[in-house]
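> Got a predicted model here, sequence first, then my questions.
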Amino acid sequence: MNGTRRVFISYSWSDKPLARRVTRRLRQNGVDVFLDETHLGPGMALPESLRKEIHDSSHLLVLWTATAITAHFRYISKNGRLRSRMSADRSAGGEKR
């Protein structure tokens with residue numbers, strides 16, 4: 001890092017308008033901001049690109065709103081049920097999905 005401030009903004013898709021407002025305000029104050037919609041393009045390897053951008057940033061700003069909390073727990077719940085079902089299928093001799 002060369003001493004400049006670079007902020008990576010993490011947010012729920014539903015909070016995109018808020019993320020845009022925060023980005024605009026930070027940029028008006030001379031802060032270099034990473035926002036996915038302006039820095040990632042089609043065909044880019046998303047996990048690797050995000051890891052690199054987080055690593056290259058001096059700050060991580062998480063927009064932890066009520067919407068984000070709901071989405072986060074919905075994701076965990078959905079994936080927990082999926083893992084449980086897959087585990088039960090495997091135990092019963094079912095096919096792997």
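Thanks, I have it. These numbers come from a predicted model, not from an experiment.
> What is the least confident helix or strand in this structure?
Scoring the helices and strands of the chain by mean pLDDT, DSSP states H and E places helix 66-91 at the bottom, with a mean of 62.
> Let me see the confidence value for R6.
R6 is assigned a pLDDT of 90 by the prediction.
> Could you give the number of residues near it?
Using other Cβ atoms under 10 Å, R6 has 15 neighbouring residues. (Glycine included, C-beta is placed from N, CA and C.)
> That one touches K52, doesn't it?
No: counting by Cβ atoms under 8 Å, R6 does not reach K52; the two are 12.0 Å apart.
> Skip the chain neighbours and tell me the closest residue to L18.
L63 (5.9 Å; Cβ to Cβ, 6 or more residues apart in numbering).
> residue contacts, the one you found?
Neighbouring residues of L63 by Cβ atoms under 8 Å, 6 or more residues apart in numbering: I9, S10, Y11, S12, D15, L18, A19, V22.
> tally of neighbours for the fourth one?
If I follow you right, that is S12. The local packing of S12 (other Cβ under 10 Å) involves 20 other residues.
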